[in-house]
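[1] Kindly return the folded structure for what I paste below:
(chains A and B)
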Amino acid sequence: MNGEIEIDIQADEIDLWAEKSRDGDRNAFGKLYDRYMPPIYRFVYYRVYNKGLAEDLTSQTFLKAVENIASYDRKKGKFSSWLYRIARNLVIDYYRSRKKTVELDETWDIPSDIDIEDDVHRKDMAERLKVLMRILSGEQREIVVMRLWQELPYNEIAGILGKTEAGCKMMFSRAIAKLRDEADFLAVVILFLVTGMTG
Amino acid sequence: MKNTIKELINELIRNDSSLKGKEAELETILSKMAEIRPSAEPDPEFRARLKDELLRKLSSDVSRKKGLVFWLMQKRIRILIGSGAVICLIAVTIITNPIAQMTMKNAPQQAAPQIQQIITQTQANGNTVAAGTVSPMKAKTDLQHPPADDISIETKELGPVSEEAAKTDYKVVLADEEISQDKMSDIVKSESAVKVEAESKQLQEPADKNSLLAKYDKKSKDSMNAGLELEKPSIMPAPQIYSYNDVKDGLSAGKLPAPSYYVKADIMIESFDYILPAGSDKTQPLYTEIAPCSWDSRYALLVILLPGEIAKTCNYPPEVQTVAGETVATKWLKLTQALAGSRPQAVFGLIPVSVYKTAMTAQNLQVKIRYFDQSAGKTQAIKQLLFYPADASKTTSLFRFISSVSEWALLLNNPGDVPQGSFADTLSLAEGAQGAVPDSQWKDFIEVLKLTIKAQ
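    Residues are numbered from 1 along each chain as shown, chains lettered A, B, ... in the order given. From the prediction side, this is the model:
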């Protein structure tokens, strides 16, 4: 109960910051930025796996937010969901600009110049990441990343994807089931365990 | 993270009871998935720099919006003044309407310096016949006691006017005043002073004029009944150029803009706030992109996004040349107003497709533009190699959006300039161009394209 009240107060506070930002309150916008910049950056990075590009798209996300903050309507969803949606659209648009028509699945193509490979210790992890992510569909990958890596609550994920909370739970459940069923995944797990033991 | 994983396992079991008893397996999967999460923390320097930039932009955006309110207020005053002027002009037009003008023209020419009267006779059978003129008359009092030679009633067909007839059938109109029959009979009584002249020539002229007047009057009434079919007086100076909002308003009312040549491609292109494509090289002063033109297969479309500070002082049009310095013939977007410097300005040029194909292989085309560098206080020249997407399907959303707006504007202006263009194509191009401009503008333009197709 206390938790719910706390969440409501927090949401009100964020809306207050958004309201003040609309009137040009730099302090309020600064608070919003401090709160949401790192998660938005990670949200983008987990989709493009490139530091420079993630920075670029994060900048664009916040620039768009500044330009369109007047259009943010609390009734249509949380501020964070609105911000995540901007970031998500920019990522999709980025991939679309590379190909005229792309399915959502294709926006998750992990680029060959993935820069986490620069980190030697993580090179094998990057390989495993590529295999794992290919097992899942685009939406499943999104939901796994948001729920597991970013630890976003389902209501937030639902707001970003424009789906129901129950639908998101179902999708996550299916994604995990798919990972369990996939022989490739087991092979990767074995590989991971072997390299983990030897490493 | 461990807590999260446990929470997730519980959640999964709640959603799917068949997973009960497989907690260990689920934990392995989720743990491994969590472990391979790449570390992704933003660079603190980047974080601070972006914050500064955003806070600056926030302030300028808010002040611009305040400016917008002022502009709207100014606009409202202008609208009020404009409406007042229109009302005055309509009033003047009504007062000086053609019927009134015709009445004035029908006044006898010889009496022009004097006050004129027209005497009409209404006969018992209802026919209206011009009876003649009373001239010259100076005042009503003169008419009541006319001097001997002042009045002549000109009638041929009716012959001398009897006193009895005058009592019942005559009306004398003096300027805007009607003279009563009693006064008229007084006039008629002074037979010694009245000289009846029956000259057909004099009678004919006003009769003809009256019939013309009646004819015109009828025509005028018919026209009014037919919904004012007469040509409308041009009381407002028409704009020579339509703004994007003018076109949008017309389309919202289901009408294509007319005259079509008021639609200018550069004005339409200038109406949007362009966003530099993600991943573009920001060290380059200009953004360029060239690909086959969707509306004319003879050309390749070269899109250039000029930063505001270059746009406002540059020599337009730029020059396209090979790296060796040979100029390439280019059809540039015609400008109807100077490029502004408040934001990036998009322009386009058409290059023969044969040149483009050769250049694409050799990557040897560059754009050259001169501008006045205010910080250096001198004119600078930029030479920049063009960016070639691998093919038309790899173009950026910025390119597709500008291509769509250009094709749409050219189609509205003169479809002959756009041999292979269609509004449906512009819509499909625009739909694939999200991110080229702010989303609100992008959605708005798509709506406008749909309205255009509907109006068409």
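[2] per-domain residue ranges of chain B.
    As given by automatic domain parsing, the domain ranges for chain B are B:2-35, B:44-95, B:104-225, B:260-455.
[3] weakest of those by average pLDDT?
    Ranked by mean pLDDT, these bottom out at domain B:104-225, with a mean of 46.
[4] Specify the residue ranges that define each domain of chain A.
    Partitioning chain A according to automatic domain parsing yields domains covering residues A:1-109, A:119-199.
[5] Please spell out which residues along the strand or helix carrying B:Glu447 are buried.
    Using DSSP states H and E, B:Glu447 maps to helix B:439-455. Going by neighbour count (16 or more other C-beta atoms under 10 Å in any protein chain shown), the buried part of helix B:439-455 is B:439, B:441-442, B:444-446, B:448-449, B:451-452. Any C-beta I mention is one placed from the backbone N, CA and C, and that applies to glycine too.
[6] And for stretch A:82-89?
    So for stretch A:82-89, counting by 16+ other C-beta under 10 Å, buried means A:82-89.
[7] again with stretch B:287-302
    Result for stretch B:287-302 [16+ other C-beta under 10 Å]: buried residues B:287-296, B:299-302.
[8] And for stretch B:342-353?
    Applying a neighbour-count criterion of 16+ other C-beta under 10 Å, one finds B:344-351, B:353 buried in stretch B:342-353.
[9] if we can go back for a sec, so of the buried residues of stretch A:82-89, which ones are in helices?
    A:82-89 (DSSP state H).
[10] Make a markdown table out of those and add pLDDT.
    Conversion of those to a markdown table gives the following (pLDDT from 0 to 100):
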| residue | pLDDT |
| --- | --- |
| A:Trp82 | 90 |
| A:Leu83 | 91 |
| A:Tyr84 | 92 |
| A:Arg85 | 91 |
| A:Ile86 | 93 |
| A:Ala87 | 93 |
| A:Arg88 | 91 |
| A:Asn89 | 91 |
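[11] Can you say which of those residues are also within reach of chain B?
    Contacts with chain B within these, counted by C-beta under 8 Å from any C-beta of the partner chain: A:Asn89.
[12] Among the ones in helices among the buried residues of stretch A:82-89, which one lies nearest to chain B?
    The nearest member of those to chain B, counting by C-beta to the nearest C-beta, is A:Asn89 at 6.8 Å.
[13] so the closest one sits right up against B:Trp442, yeah?
    No - with contact defined as C-beta atoms under 8 Å, A:Asn89 does not count as touching B:Trp442 (10.4 Å).
[14] what touches both of these two?
    B:434-435 (C-beta atoms under 8 Å, 6 or more residues apart in numbering or on different chains).
[15] wait, what's in contact with A:Lys20?
    Here A:Lys20 is in contact with A:27-29 (C-beta under 8 Å, 6+ apart).
[16] neighbour-wise, which of those leads?
    Counting neighbours by other C-beta atoms under 10 Å in any protein chain shown, A:Phe29 comes out on top of the contacts of A:Lys20 with 25 neighbours.
[17] How about that one, nearest residue that isn't a chain neighbour?
    A:Ser21 (4.0 Å; C-beta to C-beta, 6 or more residues apart in numbering or on different chains).
[18] and that neighbour, that one's in a strand?
    No - per DSSP: H, G, I helix; E, B strand; the rest coil, A:Ser21 lies outside any strand segment and is helix.
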